[in-house]
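Participant: below: sequence and its predicted model.
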Amino acid sequence: MIVDQAGLADAFGVSVRTVQRWSAEPDCPIHQRGGAGPGRPHQYILADVINWRLAQAGMSSDRLDLQHEQARLAAARAETAEMQNAATRLELVPTETICDALIAVISECRMRLLGLPDAMAPRVIGYDSIPMVRAVLNDAILDALAKLDPASVFAALGLPDPVAAAPETDDL
């Protein structure tokens, strides 16, 4: 099969720039040299280039299973498409986005918890029973921790809460 640089790049899963670098090597098997302009690109015999690349890697062509390699390439492309589709459906979120959102939520919770002593001291000073002080402090702690609920994390990510969005089911 005769291919141009774009076809060769596609077959190997590399950029056209990489194929251009290969072409500059003196032993690269170019079937037909193209002209200096864009009208006549180099042409390559795919099998020759595969054997040349294998020889560079210290492998022999008898170790090449073209169908296996094509299946691997097809599977990799399918996986890439699946990941892109999942990202479009907001089923995948970049790690950086998740980290930023978690840092924001945890920082808010930390700030609220660290502010409890100053905020709560005036409120509990008048109470003379430990259970009443405990109840007031417990409410304040629960309020601060509410920032860590899943809905807050999804909101910080700019995503809908999947628990709230899930359809209700009747348990029989």
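Facilitator: Cool, got the structure.
Participant: who are the contact partners of I45?
Facilitator: The contact partners of I45, by Cβ atoms under 8 Å, 6 or more residues apart in numbering, come to 1-2, 29, 31. For glycine as for every other residue, the C-beta is placed from the backbone atoms N, C-alpha and C.
Participant: looking at the residues you listed, which one is closest to A81?
Facilitator: M1 (24.5 Å; Cβ to Cβ).
Participant: spatially nearest residue to that closest one, not counting backbone neighbours?
Facilitator: L46 (4.6 Å; Cβ to Cβ, 6 or more residues apart in numbering).
Participant: the most far-flung residue of the chain relative to its centre in helix, strand or coil?
Facilitator: Relative to the centre of the chain, and counting by Cα atoms, centre = their mean, the farthest-placed residue is D128 at 55.4 Å. Assigned with DSSP: H, G, I helix; E, B strand; the rest coil, D128 falls in the coil class.
Participant: and for the residue nearest to M1, the neighbour number?
Facilitator: 16 (other Cβ atoms under 10 Å).
Participant: dump the residue contacts of it.
Facilitator: 1-3, 7-8, 11.
Participant: how about 7 Å then?
Facilitator: By Cβ atoms under 7 Å, 6 or more residues apart in numbering, the contact list for L46 reads 1, 3, 11.
Participant: for the helix or strand harbouring the last one, packing partners?
Facilitator: With the criterion set as DSSP states H and E, the secondary-structure element containing A11 is helix 5-12. Where contact means 3 or more Cβ pairs under 7 Å, 6 or more residues apart in numbering; DSSP states H and E, helix 5-12 is packed against helix 16-24.
Participant: need the residues that contact the helix it packs on.
Facilitator: 5-6, 8-9, 28, 30, 42.
Participant: tell me the first helix or strand C-terminal of it.
Facilitator: strand 30-32.
Participant: which parts of that next one are buried?
Facilitator: By neighbour count on 16 or more other Cβ atoms under 10 Å, the buried set for strand 30-32 is I30.
Participant: next one: stretch 13-22
Facilitator: Within stretch 13-22, the residues scored as buried using 16+ other Cβ under 10 Å are 19, 22.
Participant: now do stretch 1-15
Facilitator: 3-5, 7-9, 11-12.
Participant: the domain parsing of the chain - what is it?
Facilitator: In the assignment given by automatic domain parsing, the structural domains of the chain cover 2-88, 95-165.
Participant: would you turn the ones you listed into JSON lines with mean pLDDT?
Facilitator: As requested, the domains of the chain are exported to JSON lines (pLDDT from 0 to 100):
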{"stretch": "domain 2-88", "mean pLDDT": "84"}
{"stretch": "domain 95-165", "mean pLDDT": "83"}
